[in-house]
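Colleague: Next come a sequence and a model predicted from it.
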Number of protein chains: 2
Amino acid sequence: MSDAIRVFEVGPRDGLQNERQILATADKLWLIRSLRDAGISRIEAGSFVRPDRVPQMADSDQLQGALSAAAISGEFYYLVPNLKGLERAMAAGVKHIAVFTAASESFNRKNIGISVAESLQAIQEMVDTATRAGLQVRGYVSTAFGCPFEGRIPAVQAQKVIEALLALPMVQVSIGDTIGVASAQGVDAVIRPLLSQTSANRLAVHFHDTRGTALANSLRSYELGIRTFDSSIGGLGGCPFAPGASGNLATEDLVYYFKEMGVATGIDYRKLCEASLELHEKMGGSHSQARVISSKALQAYQVNCQKNTAWDS
Amino acid sequence: MSDAIRVFEVGPRDGLQNERQILATADKLWLIRSLRDAGISRIEAGSFVRPDRVPQMADSDQLQGALSAAAISGEFYYLVPNLKGLERAMAAGVKHIAVFTAASESFNRKNIGISVAESLQAIQEMVDTATRAGLQVRGYVSTAFGCPFEGRIPAVQAQKVIEALLALPMVQVSIGDTIGVASAQGVDAVIRPLLSQTSANRLAVHFHDTRGTALANSLRSYELGIRTFDSSIGGLGGCPFAPGASGNLATEDLVYYFKEMGVATGIDYRKLCEASLELHEKMGGSHSQARVISSKALQAYQVNCQKNTAWDS
C-alpha cells in the first residue's frame, strides 16, 4: 500500500450546507476550480435534497452544469437522500453520488425520519439504479463512534452498518465521527476489524474537529492503514449539536500535518491556503473557519522551513 | 511505567498572560481552587517578570500569599526569567519555579534578548540558587520543533538544549511546540532519542493547537512513553505569532481524549468543564476559549455515554 494520503474534499457540500450564508453558484464554481488547482481531484460538490430544507444546495444542478460547461475535470460527488434525489442528480448529468445512513438508530430517525434498516433498503435501491446507469457511489455512515442522543456507539453496531454498505457495489464507505467524540481507542475498535476483511482503499474516515480530536484520530487511522481522509477547506461547516464549535477537520490542517510528516498528499499547500483565505473573504468573514486565521502566518513559516529542510517539494 | 497521564495545567500563567483582560487575584484564586477540585495538582500559577511588561502577572506575589493563606495544597509553579525574578519569587514564599530557554537562537534573542548559551548560563545560576534554597525547578524549551523566524528546527539542535537542562537538577523539562507546527514525525525525531537516555517522568510535552495538531502530537508522545502533558483550561492563551488562532492545547480536550481512550487522568471531567464555562463568563466571553463553547453539549453527551459503557467512572 502506498504511504500517500488522498484527500476527499467535502467543503462545498458538507461545509457550505452548515453555514448560514449561501454562496452563489459562480463562487462555488470558483471554489471547486481552486480546489482542483491545488491538486484535489475528489470533491463533494452539492446535494439533491429538498431545496426548501437546504437552500444552500438548491443550485446543485446549475453547479454541475457549470462544471461540465467549464470542462473542469475531477470526480464531483453529490449527496442524494432518496430515489427522487437520484433522478434529479442523473437529470443534471451527475456521475458520482453519495448516499448516507447512520450507526445510531436515534440519529438516523431524527435526521431522515426512517430506521437504519429502512435506509439500508433505500440505499440498495439507489445503488441498483445508479450503478445500472454507470454512476459511481460513495456511502457515508454517520455517528459511527458516538451519537448525540445515545452516547457512545458499540463498535460492532457501527461495523454492521458499514459492512452492509461495503456489501454493495460502492467505491468507498466513509466512516463518520459526526459530532467529534471519537478517540484512538474507538478508531481501533471500529476500523481494525474492517481492515481484515476489506481493502483499505474502500474505506475513508470523516472526523469532525469539535474537540480538537480530528487529527489525532486521522493519525491513528493512518497508522492502521487508512489512506483516504474527508476534510473541509477552512474547517468549513459547523455541527448542529455543538453550536459555534468548529465542524469538519480543516483540509489545511490535514494537508499540513501529513506533509510535515513527510507523507505525499499531491496537494499544493500554498494554493490551498490562498483559496481558503479568499473563501473566508467571500463569506464575509462570517463563517466558522477557525483555521484560516493562521494561514498567513503559516505561509511565512513554511517559507522559512524551505530554507532548512530536505523534504519540502 | 503507568499508563496514566498527568496534566500540568498552565492556564493561570501561560494562558492568562496572553489574554488581553486581566483577571483579578481573587478570580485567579478561584480558578486554581477549581482546578484543584477537579483533580489537577500541578499548576503554573504566575510569573515574576517585569510587571510593566506583563501586567496580567503583576499580582503573582499576592496570589502565592493567598494560596498559602487559604491552605490550598498542590505544586504551584511560577515562571522566573532571571535571578532578580527568582529573588522576588522566593520572597513571596514560592516553592516551585519554572525557567525557560529556546531551541531557536532567533526566537530566544527576540523573546529575552540573549543567546541560548547565555540563557543556559543564567538558568544554571538560577537552579543553583533555587535548589540550595530547597525549591523545585521545571525547565521549558520553546520552539523545540519550529521557530517563526527560522522555520523547522533540526531535532539534534533541540535535543542539545533539552539535554543541557536535563543535566541540571530539574524535576522535569517541558518540550514546547510554541507555534503549533510539530507533527508526529518531529515528535519521533526529538523525543525518541531522549527517552533512551532519560526517564520519561523527567520529560513533558507542551503543544500549542494553532493548527489542530496538539492532540495528534500528544497521542504520538503517549505512544512513545511520555506521560506528562502541559495544557490550558479552555485552550486559554493565544500565540502572538498567529493572532486569533487558538493557543494552548485545551485541558478539556486533553482530558476528554485520554479518558475516552480508557487512560486514567485523575481528573473529574465534569468539574473541569464547569470551571471552564465559569471562567469564560468571568472573562466576559472575550477570550480565545474555543473549546468551552461545546462543553455544555459534551456534558449531555457524556451522560448518554454513561448509560452505554463500562469504562466511565
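Modeller: Received it, and whenever you're ready, just let me know what you need.
Colleague: Now do the strands in chain A.
Modeller: A:6-9, A:42-47, A:75-79, A:96-102, A:136-142, A:146-147, A:151-152, A:172-177, A:203-207, A:228-231 (DSSP state E).
Colleague: Including mean pLDDT, could those strands go into a markdown table?
Modeller: Shown next, in a markdown table, are these (pLDDT from 0 to 100):
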| stretch | mean pLDDT |
| --- | --- |
| strand A:6-9 | 98 |
| strand A:42-47 | 98 |
| strand A:75-79 | 98 |
| strand A:96-102 | 98 |
| strand A:136-142 | 98 |
| strand A:146-147 | 92 |
| strand A:151-152 | 90 |
| strand A:172-177 | 97 |
| strand A:203-207 | 97 |
| strand A:228-231 | 98 |
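Colleague: Now tabulate the ones you listed in CSV and tack on mean neighbour count and distance to B:Thr198.
Modeller: Any C-beta I mention is one placed from the backbone N, CA and C, and that applies to glycine too. Converted to CSV, the strands of chain A look like this (neighbours: other Cβ atoms under 10 Å in any protein chain shown; distance: least, Cβ to Cβ, whole Å):
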stretch, mean neighbour count, distance to B:Thr198
strand A:6-9, 25, 38
strand A:42-47, 26, 45
strand A:75-79, 24, 50
strand A:96-102, 24, 47
strand A:136-142, 23, 44
strand A:146-147, 27, 38
strand A:151-152, 22, 37
strand A:172-177, 25, 36
strand A:203-207, 25, 34
strand A:228-231, 26, 35
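Colleague: Chain B is nearest to which of those strands?
Modeller: Nearest to chain B, of all these, is strand A:151-152, at 3.1 Å by Cβ to the nearest Cβ.
Colleague: Neighbouring strands of that closest one in the sheet, and parallel or not?
Modeller: Applying DSSP bridges, strand A:151-152 is found paired with strand A:146-147 (antiparallel).
Colleague: distance between the strand it pairs with and the chain's centre?
Modeller: 18 Å (Cα atoms, centre = their mean, to the nearest Å).
Colleague: just stretch A:116-130 next, same as before
Modeller: Centre to centre, stretch against its chain (Cα atoms, centre = their mean), the figure for stretch A:116-130 is 20 Å.
Colleague: picking that back up, looking at the strands of chain A, spot the one closest to A:Leu29.
Modeller: Across those, A:Leu29 has its closest neighbour in strand A:42-47 (9.6 Å, Cβ to Cβ).
Colleague: And that closest one, how far out from the chain middle?
Modeller: For strand A:42-47, the distance to the chain centre is 9 Å (Cα atoms, centre = their mean).
Colleague: any chance you could map the helices in chain A?
Modeller: Here chain A has its helices, by DSSP state H, at A:25-37, A:60-69, A:83-91, A:105-112, A:116-132, A:155-166, A:184-195, A:214-224, A:251-260, A:269-282, A:295-308.
Colleague: returning to what we had before: export the strands of chain A to TSV and append columns for distance to B:Pro193.
Modeller: Shown next, in TSV, are these (distance: least, Cβ to Cβ, whole Å):
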stretch	distance to B:Pro193
strand A:6-9	32
strand A:42-47	39
strand A:75-79	43
strand A:96-102	45
strand A:136-142	41
strand A:146-147	37
strand A:151-152	38
strand A:172-177	34
strand A:203-207	31
strand A:228-231	30
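Colleague: wait, which of those is closest to B:Thr265?
Modeller: B:Thr265 lies closest to strand A:151-152 among these, at 17.4 Å (Cβ to Cβ).
Colleague: ok now do A:Gln121, which residues does it touch?
Modeller: With contacts defined as Cβ atoms under 8 Å, 6 or more residues apart in numbering or on different chains, A:Gln121 is in contact with no residue.
Colleague: Chain B versus that one, what's the distance?
Modeller: According to Cβ to the nearest Cβ, to the nearest Å, A:Gln121 and chain B sit 26 Å apart.
Colleague: Distance-wise, check the closest residue to A:Tyr269 other than its chain neighbours relative to chain B.
Modeller: Distances taken as Cβ to Cβ, 6 or more residues apart in numbering or on different chains place A:Val255 nearest to A:Tyr269, at 5.5 Å, with adjacent residues excluded. Look at A:Val255 and chain B: by Cβ to the nearest Cβ, they are 10 Å apart.
Colleague: can you check A:Ile226 too?
Modeller: A:Ile226 is 14 Å from chain B, by Cβ to the nearest Cβ.
Colleague: Among the strands of chain A, which comes closest to B:Ile226?
Modeller: Across the strands of chain A, closest to B:Ile226 is strand A:203-207 (Cβ to Cβ), at 23.0 Å.
Colleague: Can you tell me what sits against the closest one?
Modeller: Residues contacting strand A:203-207 (Cβ under 8 Å, 6+ apart): A:8, A:10, A:140, A:172-177, A:180, A:182, A:187, A:191, A:194-195, A:213-214, A:217-218, A:221, A:226, A:228-230, A:248-249.
Colleague: try 7 Å
Modeller: A:8, A:172-177, A:180, A:182, A:194, A:213-214, A:217-218, A:221, A:226, A:228-230, A:249 (Cβ atoms under 7 Å, 6 or more residues apart in numbering or on different chains).
Colleague: Direction included, what does it pair up with?
Modeller: strand A:172-177 (parallel), strand A:228-231 (parallel).
Colleague: could you check the angle helix A:155-166 makes with the first one?
Modeller: Between the axes of strand A:172-177 and helix A:155-166, defined by axes from the mean of the first three to the mean of the last three Cα atoms, to 10 degrees, the angle is 150 degrees.
Colleague: rewinding a little: will you turn the helices of chain A into TSV that also has mean pLDDT?
Modeller: Shown next, in TSV, are these (pLDDT from 0 to 100):
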stretch	mean pLDDT
helix A:25-37	97
helix A:60-69	98
helix A:83-91	98
helix A:105-112	92
helix A:116-132	98
helix A:155-166	98
helix A:184-195	98
helix A:214-224	97
helix A:251-260	93
helix A:269-282	87
helix A:295-308	57
